[in-house]
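J.: Just need the structure, nothing else, for what follows:
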Amino acid sequence: MNNYLPLICGISGPEISNLETQFIKKFNPWGVIIFERNCKSKNQLTELTGALRAITHEHLPILIDQEGGRVSRINYTDSVVFDPARIFGEMLEKNIEIGSRALSLHSMIMASSLREVGININTIPVLDIPSENESGVIGDRSYSHHKELVAKAGRIVIESLSTNGVAPVIKHIPGHGRAKVDSHLDLPIVETSISELEEIDFYPFKENKNTDLAMTAHIIYQDIDADQPATLSKKVINDFVRKKIGFNGLIMTDDISMKAIKISVADAAVKSLDSGCDLVLHCNGSMEEMESIAESINKEINLIGIPDNLIKIFGIKCAVQLNELKEELKKTLEALV
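T.: Alright, predicted model coming up:
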């Protein structure tokens, strides 16, 4: 198994620049994440992912945040439009059998469309349960306010993506649903007791703990660690995510350049890995920041491999036909009317 720098980085545009090529060849990051700025057309995106693998290796993890609804990174003219999670939570509540099939089909279509353009990891499902006072950053990205429905929806998405060649990422562990401010803009502080967090917020993550990848929440849980957000907290990562929730897969940070993190990206990267995270996620494509992170973690942190479970998922050949899946999904949705 080859080893890579524990970094998932972004690139600045629809093509890899010479500087980005040099950076990737020099530091050998674990993966690359794709955003809307990188997606102009199906052909262009397919060429981009192919070019990334040409300068790295065939199993390069290429990630995207394609949740559906307002969090959709692929929006070019002929792209598939995906619905937000909440729609499927409402279907599950109305009819568990039909709702389950609809969500499964939706996720299979998503997996197939991503694999067509060379993407092999999607950072879903969102397993957060939004509270009444939540900032709105989660909102309809969550399947439901009911923990059992969120857990079930998560299982459906995880299985449907994984069996169609795309690895899922459960997020935002151990739960982002009580944040009263958007962690992209500031640091949320959650004052809820440990007992309530364990009973409600942690539940969907415990029920889906055998997933290969998880993403952290940049949130202070005051009753666990009043000084550090989860991403930078040994108490949260080791005592709760690892031991209480029982998650043993790879833990990636949420975007380390978000405003919830109050120290430099380089210091935050080192601290997150020291606190128990396995991978640093940096999304904005800033070469200056990427180099500072890479230089910092290259000095202090061990390299990391790609688990066999992920390589197995990456190797699955999609046998599904998009048009057939879309037609079945249409009929399934009509049955709910």
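
J.: only C-alpha atoms for contact and neighbour calcs from this point on.
T.: OK.

J.: which residues touch P188?
T.: Contacts for P188 (C-alpha atoms under 8 Å, 6 or more residues apart in numbering) come out as 179-182, 218-220, 260.

J.: would you turn those residues into CSV with neighbour count and secondary structure?
T.: Shown next, in CSV, are the contacts of P188 (neighbours: other C-alpha atoms under 10 Å; DSSP: H, G, I helix; E, B strand; the rest coil):
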residue, neighbour count, secondary structure
A179, 26, coil
K180, 19, coil
V181, 18, coil
D182, 20, coil
H218, 32, coil
I219, 29, coil
I220, 24, strand
A260, 21, coil
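
J.: Quick one: mean pLDDT for the one helix or strand E90 maps to?
T.: Per DSSP states H and E: E90 is located in helix 85-94. Average pLDDT, helix 85-94: 96.

J.: from the middle of its chain, how far away would it be?
T.: Centroid displacement of helix 85-94 relative to its chain, using C-alpha atoms, centre = their mean, to the nearest Å, is 21 Å.

J.: The very next helix or strand once past it packs against which elements?
T.: Next helix or strand after helix 85-94 toward the C-terminus (DSSP H and E): helix 96-116. Contacts defined by 3 or more C-alpha pairs under 8 Å, 6 or more residues apart in numbering; DSSP states H and E place helix 96-116 against helix 85-94, helix 147-162, helix 322-336.

J.: Highest average neighbour count across the ones you listed: which stretch is it?
T.: helix 147-162 (a mean of 22; mean count of other C-alpha atoms under 10 Å).

J.: quick one: it to chain centroid distance?
T.: 14 Å.

J.: contacts for it?
T.: By C-alpha under 8 Å, 6+ apart, helix 147-162 touches 88-89, 92-93, 100, 103-105, 107-108, 110-111, 124-129, 142-144, 167-168, 170, 200-201, 203-205, 207-208, 211, 313.

J.: what about the helices in the stretch 101-250 of the chain?
T.: Here the stretch 101-250 of the chain has its helices, by DSSP state H, counting those that start in this stretch, at 147-162, 194-196, 203-207, 234.

J.: what about the residue nearest to D225 when sequence neighbours are not counted, distance to Q228?
T.: In this structure, D225 finds its nearest non-sequential neighbour in K235, 6.6 Å apart by C-alpha to C-alpha, 6 or more residues apart in numbering. Distance, K235 to Q228, by C-alpha to C-alpha, to the nearest Å: 9 Å.

J.: one step back: which one, of the helices of the stretch 101-250 of the chain, ends up nearest to A294?
T.: Judged by C-alpha to C-alpha, the one of these that comes nearest to A294 is helix 234, at 21.7 Å.

J.: Nearest residue to the middle of this structure?
T.: T123 (2.3 Å; C-alpha atoms, centre = their mean).

J.: Please name the residues that touch it.
T.: 63-67, 168-171, 215.

J.: Then T253?
T.: 215-217, 231, 272, 277, 279-281.

J.: Between those residues, which sits nearest E196?
T.: E196 lies nearest to A217 out of those, by C-alpha to C-alpha, at 17.3 Å.

J.: Count the residues that sit near the closest one.
T.: By the criterion of other C-alpha atoms under 10 Å, A217 has 26 neighbours.

J.: How about S79?
T.: 11.

J.: Without its sequence neighbours, what residue ends up closest to it?
T.: K42 (7.5 Å).

J.: any idea how far the worst-scoring helix or strand of the chain on mean pLDDT is from the chain center?
T.: Lowest mean confidence among the helices and strands of the chain (mean pLDDT, DSSP states H and E): helix 322-336, at a mean of 84. When distances are taken as C-alpha atoms, centre = their mean, helix 322-336 is centred 26 Å away from the chain's centroid.

J.: start the count at 556, not 1, going forward
T.: Got it, the first residue is 556 from now on, which makes the last one we talked about helix 877-891.

J.: between it and helix 640-649, how big is the angle?
T.: Here the directions of helix 877-891 and helix 640-649 differ by 50 degrees (axes from the mean of the first three to the mean of the last three C-alpha atoms, to 10 degrees).

J.: Distance from the chain centre to the longest strand anywhere in the chain, please.
T.: In terms of residue count, the longest strand belonging to the chain (DSSP state E) is strand 558-565. Relative to its chain's centre, strand 558-565 lies at 15 Å (C-alpha atoms, centre = their mean).

J.: avg pLDDT for the helix or strand following that strand?
T.: With elements assigned by DSSP H and E, the helix or strand that comes after strand 558-565 is helix 573-582. In this model, helix 573-582 has an average pLDDT of 97.
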